[in-house]
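A.B. asks: just the structure for this:
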Amino acid sequence: MAHRSKRMKQIDQLIGPARTYSLEEAIELFKKCPVTKFDQSVNAALKVGVDVKKSDQQVSGTVSLPHGTGQKILVAVIAKGDKAKDAQAAGADFVGAEDLVEKIKAGWTDFSALITTPDMMREVGKLGKVLGPRGLMPTPKAGTVTTDIAKAVKEIKAGKVEFKVDKTGNINNAVGKISFSKESLLENLMSLFQGIARAKPASSKGIFFRSLYLSTTMGPGLKIDLQSVAVN
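C.D. replies: Next up is the predicted model:
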């Protein structure tokens with residue numbers, strides 16, 4: 001049997017037998033768990049009722065979390081001329097054109113989001129092998145291929161996040177830090193769920209939200225009673 005740390009044993013005692021929790025109960029339990037040396041992320045894993053093999057049942061979109069994720073967001077922008085100046089004025093962390101394309105092509109991905117203008121997509125499209133596996137490829141649907149660079153930079157810095165269903169029918173997103181108040185975490189969660197509900201494909205039949213688990217970086221995963229979500 002694998003050795004369980006003192007911290008994990010304390011968590012086991014606190015949580016007890018497997019059961020379902022309301023969103024509020026889960027967050028309250030997380031806050032009672034022994035602390036770690038860093039501010040853990042709170043993550044939501046939502047199973048949705050779609051057939052991911054069908055192109056018309058893909059679920060993706062963006063949503064603004066009112067309290068952000070608590071993570072440092074580094075925004076890179078590939079643009080030229082006035083658009084590059086707009087990006088710098090809006091607070092982008094890295095701005096460039098072909099030089100930035102070459103840097104990324106060489107494997108550099110030390111940023112949280114990449115924004116570009118439509119006229120640069122011919123160059124950015126060459127970065128698929130680097131950006132694709134990391135979920136960093138800009139798309140018009142996510143608002144990261146745009147002529148309004150300043151707006152896109154400010155929205156992402158303010159807490160706009162992208163969600164996307166994976167090959168197993170799950171959507172996984174960070175919704176804040178354990179240091180956030182319970183109210184802030186609940187507001188972020190509900191904003192995420194409402195955004196996902198709006199993205200339900202018309203061809204998806206039956207119950208859309210199938211199961212939900214909340215977890216922290218170094219903590220347990222708790223199954224959530226979907227009635228406490230109330231957006232299905």
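A.B. asks: give me the below-cutoff pLDDT ranges for this protein.
C.D. replies: Judged against pLDDT under 70, the low-scoring parts of the chain cover residues 1-14, 16-18, 231-232.
A.B. asks: give me the residue at the spatial middle of it.
C.D. replies: Here the mean C-alpha position of the chain is nearest to the C-alpha of residue 173 (Cα atoms, centre = their mean), at a distance of 3.8 Å.
A.B. asks: quick check: phi and psi at that one.
C.D. replies: Backbone dihedrals for residue 173, given as degrees, to the nearest 10, come out at phi -140, psi 140.
A.B. asks: which strand residues bridge it?
C.D. replies: According to DSSP bridges, residue 44 are recorded as the beta-bridge partners of residue 173.
A.B. asks: residues in contact with it?
C.D. replies: Residues counted as contacts of residue 173 (Cβ atoms under 8 Å, 6 or more residues apart in numbering) are 43, 44, 161, 163, 192. C-betas here are computed from N, CA, C, even on glycine.
A.B. asks: how about residue 138?
C.D. replies: Applying Cβ under 8 Å, 6+ apart, the residues near residue 138 are 114, 115, 116, 121, 124, 131, 144, 145.
A.B. asks: how near is the residue lying closest to it once chain neighbours are set aside to residue 104?
C.D. replies: Once its chain neighbours are removed from consideration, residue 138 has its nearest residue in residue 144; the separation is 3.8 Å (Cβ to Cβ, 6 or more residues apart in numbering). When distance is defined by Cβ to Cβ, to the nearest Å, residue 144 is 14 Å away from residue 104.
A.B. asks: and what of residue 154?
C.D. replies: Remark: distance between residue 154 and residue 104 (Cβ to Cβ) = 22 Å.
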